[in-house]
Every structure is written in C-alpha cells, then in structure tokens.
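J.: whatever this is, show me its structure:
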Amino acid sequence: MHPLRVPLGGAPRVVRPPCGSDKMAGQPLGQMALRGVWQLQKLIVSYSDWGGSSRGIRAFMELHLPAFKEKNPQLEVVDELIRGQHPHLKGFYRNKNQRTICVKNMDPEEILLHATRLRNALGRKVVKLKTRHVTKHPSVQGTWTTDVKF
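T.: Numbers count the residues shown, from 1 in each chain. This next block holds a predicted model:
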C-alpha cells in the first residue's frame, strides 16, 4: 500500500507502518531507554594486563569495544587497569544506581552480551515480590490454592 493513498472521497491519508516497526529516538528496536533518554551514563571496563582471568576481556577490548563505543556515542566508556583483581564491568546510571558484573574467564562475545545488557537496563533496583500473584485489587476471599480447607 502506498503511504499516501487517496480514498474515493477525496483527501489523502497517511498510512503508518505496523506497530513495532518504527524507530524511537533514532535507535533500533530492542534497545531500552526511558522516555527516549538512555539511562546508562558511564561504563567502566576494569581488567588486568597480567592475570589469566582477564584474557577474555582483553580480547573484548581489541575486538568489540571500539565498535561498541562507536554504536553508543551517548555512553562514556572508560577502561581501567587494575592488577591482581578479576575483571568486571561497572555501570553508572542516571538515577545514581550502579551495577557491577564480574566477567572473569568469559569469552569476548559473552562480555559483549553483558555490556549490552548493562546499557539496556534502566538501572532500577531489583524488588523481590511478596507474593506470586500481583494485582491492584486483591481478592477479599484470599488467593486461590489447590488445598481444600473445610
């Protein structure tokens, strides 16, 4: 169907593509932002130039990190040399929260996946639910169970 389709009655109407196919804020789908604003401000890549557990992150820095920086210009990416410690990724969010992910002995592709997840996260704290059933209007009679009580 042509975007400007003229019906028999007269005035042209604009036909929009189906939901989910448009790009929000210039970013492809599958990437998270809150109201069009990226929540991850800074990503620190900590590694050791000597330790064996940092082998994967050193390869990640050579293979994937330049392209990751190029794809995410809104993100400040800093690499930090720390000797004698396991490598980790640390993300700082706009709401003053931070998340740290240990990436010792991981492949470069796994580390890229974790860095992408940090970028996509909103930075909110994980809240443990009190019950399995969440509703705005809880039942007066209580939650249904398979146990019959007479």
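
J.: element containing residue 118?
T.: Counting by DSSP states H and E, the element that carries residue 118 is helix 108-120.

J.: just residue 84 next, same as before
T.: Going by DSSP H and E, residue 84 is not in any helix or strand.

J.: please shift the residue numbers so they start at 25 in all later answers.
T.: Right, with 25 as the first residue, what we last looked at is residue 108.

J.: for residue 70, see how far away it is.
T.: Going from residue 108 to residue 70 by C-beta to C-beta, to the nearest Å gives 12 Å. (Glycine included, C-beta is placed from N, CA and C.)

J.: same question for residue 126.
T.: In this view, residue 126 and residue 70 are 10 Å apart by C-beta to C-beta.

J.: overlap in contacts of these two?
T.: 111-112 (C-beta atoms under 8 Å, 6 or more residues apart in numbering).

J.: which of those two has more neighbours?
T.: Neighbours per residue (other C-beta atoms under 10 Å) separate residue 126 from residue 70, with residue 70 holding more: 20 against 14.

J.: figure out how far stretch 130-139 is from the centre of its chain.
T.: Mean-position distance between stretch 130-139 and its chain equals 14 Å (C-alpha atoms, centre = their mean, to the nearest Å).

J.: what's the average pLDDT for that stretch?
T.: Stretch 130-139 carries an average pLDDT of 97.

J.: now do the contacts for the nearest residue to residue 73 once chain neighbours are set aside.
T.: Spatial nearest neighbour of residue 73, excluding adjacent residues (C-beta to C-beta, 6 or more residues apart in numbering): residue 105 at 6.1 Å. Shown in contact with residue 105 (C-beta under 8 Å, 6+ apart): 70-73.
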